[in-house]
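Engineer: Show me the folded form of this:
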Amino acid sequence: MNDTAIVKDLSFTYRSWTGKPNRPVLEHLDCTFPKNSKTLLLAPFDGGKSTFARILSDVCPKYIQGDLQGSVTICGKDLSLTEPWDLLLDCGYVSQDPQEQFIATSVEDELAFPLESLGLDRKTIERRVDEALAQWDLLPMRGSSEQELSGGERKRVLLAVQQVINPTFWILDESFDDLDLRWRSLLAEKIKEDNHTVLVLASRYLSQFEGLFDRYALIENGKLRFGEKQEILQSFSHLCGDDLPNPLEEQVIQVPRRQTLTCSALKTTRSRVSSIDEKPFTLAVPSFSLSSGDLSTLVGPNGSGKSTFSRLLCGLDVPSEGEFTLDGKIVSAKTLNRTVGYLFQNPDLQIFLPTVREELSWSLKRRKNLSAAEIEKMVSDCAILFDLELEDTPSTMSYPLRKALQAAVYYLLDRPFYILDELDNALTYATALKIITRLRRNGAGILLITHDQNFASLVSRTTFAITDGKLGCQ
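Structural biologist: Numbering: from 1, shown residues only. This is a model prediction of the structure:
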């Protein structure tokens, strides 16, 4: 058999939960994925790429409801007649949102579970798990729970799961996101291996993609087409608006009140309570400063302490040593929490209400100086600005749209400082830059955490880096 996957006249429309008919996400797709081919599929913000990945991996529409027309065959198996667990050796899927795929209580069990399902003997399971844990540097956290892992560590776990199973067809949705350069390089080597058919889906073209792919494709307005590399990249750049001027460079802001947030001689220790074998991690911050209007970047390897510092900066955690000051005055964690808006890597940790309208209006209703009419106008204007539908249910929205909703909530909070933890994941450059521009409209100081050097160069004026447990300015 020369083709690993065959897609014929595929169309898909999600089930509507609002009573308003949904538009088709994908329409009349025809394509094949030849054996051992390496394909890069690009699609703009909320363009249908993750839907396509879920259909190919037999998750959708069996577990995410909708109307599917056409046929999909993976390794000779008609997906309409096949259960997902029967594809374990045929097809492996890594989601752009790693938390939606975890099922076990520890990293080790996450890797072992599919091998146990395949009926492998104990020694084989132990050997494969140990090899994958070692290669992805997960041995120290083998007993850790998913809740205690960083975004990059979660992504490495899911990639290690694919390694232990070693399926024929690897479907990787934004799998380079969350990873630092070391792990992006390892993933690139895995993609190059000749014994896999690989489909990488992405919302932007990364430098690490160079030399990896022999086929290039684009989803535009629900249609999929293949083409030569340069033509696809140019069409994609134009479609996403990435060829337009950087809005941050054109933005002129008036800072009503200049504020400066600093810390000195800061130190904190973090332990994973679920993993007694791992040594506690210590982060030291000799000095740090962020002022109104600043655009700064925080970089460092996976697990280096970027999110740990962010939790301190916004008052979620308290340091064991040192203090924060705002305009020269020592401030408490409670004050930091009201001053610094922290957009988590995972938007689902900050979205909890049934509709977009309720999510956006929740904080505004607690302001005693706003009337119901004023709140409604602010909410409606914000929804238009962030391309959101007020009656949509957040839990059924795409991952990029949930990130847009998360940013919209903080837009209405209008904090003087923001931490944007991996904002660019699953978003096009143009979309991420627009969000930063909006959050910065009143002169907010921005601290961006990212592993994408190209994106950092579009945003940052100052770079802070964490190396060997110490934060400093580059």
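Engineer: Run a quick neighbour tally on Arg15.
Structural biologist: Look at Arg15: counted by other C-beta atoms under 10 Å, it has 11 neighbours. Any C-beta I mention is one placed from the backbone N, CA and C, and that applies to glycine too.
Engineer: What of Arg366?
Structural biologist: A total of 8 residues lie near Arg366 under the criterion other C-beta under 10 Å.
Engineer: For it, give its distance to Thr4.
Structural biologist: 54 Å (C-beta to C-beta, to the nearest Å).
Engineer: and if you look at Pro256?
Structural biologist: Counting by C-beta to C-beta - Pro256 and Thr4 are separated by 58 Å.
Engineer: Ok, Glu231 next?
Structural biologist: 25 Å.
Engineer: same check, this time on Leu181
Structural biologist: 30 Å.
Engineer: Glu231 and Thr4: who's more crowded?
Structural biologist: Thr4 (25 against 12).
Engineer: Going by secondary structure, the more buried one is in what exactly?
Structural biologist: If you go by DSSP states H and E, Thr4 is part of strand 3-14.
Engineer: who's in contact with that strand?
Structural biologist: Outside strand 3-14, the residues that touch it by C-beta atoms under 8 Å, 6 or more residues apart in numbering are 22-35, 37, 51, 55-56, 60-61, 64-75, 168-169, 197, 396.
Engineer: Strand partners (parallel or antiparallel) of that strand?
Structural biologist: strand 26-34 (antiparallel), strand 66-74 (antiparallel) (DSSP bridges).
Engineer: List the buried residues of the first one.
Structural biologist: Spelled out, that is strand 26-34. Going by neighbour count (16 or more other C-beta atoms under 10 Å), the buried part of strand 26-34 is Leu26, Glu27, Leu29, Cys31, Phe33.
Engineer: Against Gly66, how distant is the last one?
Structural biologist: The spacing between Phe33 and Gly66, counted by C-beta to C-beta, is 22 Å.
Engineer: likewise the first one?
Structural biologist: Between Leu26 and Gly66 the computed distance is 10 Å (C-beta to C-beta).
Engineer: Then Gln254?
Structural biologist: 47 Å.
Engineer: what about the two, which has more around it?
Structural biologist: More crowded of Gln254 and Gly66, by other C-beta under 10 Å: Gly66, with 17 against 8.
Engineer: does that one have beta-bridge partners, and which?
Structural biologist: Tyr14.
Engineer: Kindly report the same for Val299.
Structural biologist: Ala465.
Engineer: how about it, what does it touch?
Structural biologist: Taking C-beta under 8 Å, 6+ apart as the definition, contacts of Val299 comprise Lys306, Ile449, Thr450, His451, Ala456, Thr463, Phe464, Ala465, Ile466.
Engineer: can you pull out the strands in the stretch 101-250 of the chain?
Structural biologist: 169-173, 197-202, 215-220, 223-227 (DSSP state E, counting those that start in this stretch).
Engineer: Distance to Leu88 and mean pLDDT added to the strands paired with strand 3-14, as CSV?
Structural biologist: Output for the strands paired with strand 3-14, formatted as CSV (distance: least, C-beta to C-beta, whole Å; pLDDT from 0 to 100):
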stretch, distance to Leu88, mean pLDDT
strand 26-34, 18, 96
strand 66-74, 11, 96
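Engineer: can I get those in TSV with distance to Ala43?
Structural biologist: What follows is the strands paired with strand 3-14, written out as TSV (distance: least, C-beta to C-beta, whole Å):
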stretch	distance to Ala43
strand 26-34	10
strand 66-74	18
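Engineer: Low-confidence stretches in the stretch 201-350 of the chain?
Structural biologist: 273-278 (pLDDT under 70).
Engineer: Would you map the helices across it?
Structural biologist: Ranges of helices in the stretch 201-350 of the chain, per DSSP state H, counting those that start in this stretch, are 229-240, 247-250, 306-313, 333-339.
Engineer: Can you say which of these is nearest to Gly143?
Structural biologist: With respect to Gly143, and counting by C-beta to C-beta, the nearest of these is helix 306-313 at 19.8 Å.
Engineer: tell me the SS of the residue nearest the centre of the chain?
Structural biologist: In the chain, the centroid-proximal residue (C-alpha atoms, centre = their mean) is Asn425; its distance is 3.9 Å. Per DSSP: H, G, I helix; E, B strand; the rest coil, the local secondary structure of Asn425 is coil.
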